[in-house]
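In: Any chance you could fold what I've pasted below:
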Amino acid sequence: MYGYLSEHHSFGETEEVAGEYAEELAAEMLATTLNVEFDPDLFLRRKKRSLSHPNKIVRTMNVTQSAVGDKRGLWTTVLGAAILIGEDELRSLH
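Out: Numbering: from 1, shown residues only. A predicted model of the protein is given here:
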């Protein structure tokens, strides 16, 4: 039912750190939309990250890509793409 993407540009962060930040950002945006309380510290301490909502449990995840830039200072670009597929569309693919 929901899909939230967040984008994070950083310098000198590992994939893990950047991914956790982007995941937290998306979860906070979703919590705001669902009007549920969001505690970023508690969210990051949980092993299985999720948001509590009266009618649903929303699990989160991140897929992160990073790159090591050119040592001479030339530009480095990482391109990402995502496709959100709903359950109805997923069933029709089978």
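In: For the most centrally placed residue in the chain, give me the pLDDT.
Out: The centre of the chain sits closest to Glu23, judged by Cα atoms, centre = their mean, with a distance of 3.3 Å. Note on Glu23: pLDDT of 85.
In: Helices along this protein, start to end?
Out: Counting by DSSP state H, residue ranges of the helices within the chain are 15-34, 40-45, 87-93.
In: Give me the buried positions along the second one.
Out: So that's helix 40-45. For helix 40-45, a neighbour-count test (16 or more other Cβ atoms under 10 Å) marks Phe43 as buried. (Each C-beta comes from the backbone N, C-alpha and C, glycine too.)
In: and that helix, how far out from the chain's middle?
Out: The chain centroid and the centroid of helix 40-45 are separated by 14 Å under Cα atoms, centre = their mean, to the nearest Å.
In: Where does the prediction get shaky in this protein?
Out: For the chain, the stretches with pLDDT under 70 are 1-3, 44, 46-54, 56-57, 89-90, 94.
In: Hmm, Thr60 is touching Ala27, no?
Out: Yes: applying Cβ atoms under 8 Å as the test, Thr60 and Ala27 come out as touching, 5.0 Å apart.
In: Can you pick out the residue with more neighbours from these two?
Out: Neighbour tally, Thr60 and Ala27, criterion other Cβ atoms under 10 Å: the higher count belongs to Ala27, 23 against 16.
In: ok, the more buried one to Glu13 distance?
Out: 18 Å (Cβ to Cβ, to the nearest Å).
In: ok, now Asp39?
Out: 22 Å.
In: which one in this structure is furthest away from the centre?
Out: Using Cα atoms, centre = their mean, the residue of the chain lying farthest from its centre is Arg72. It sits 31.2 Å away.
In: re the thing from before, which residue, neighbours along the chain excluded, lies closest to the residue nearest to the centre of the chain?
Out: Asn62 (4.0 Å; Cβ to Cβ, 6 or more residues apart in numbering).
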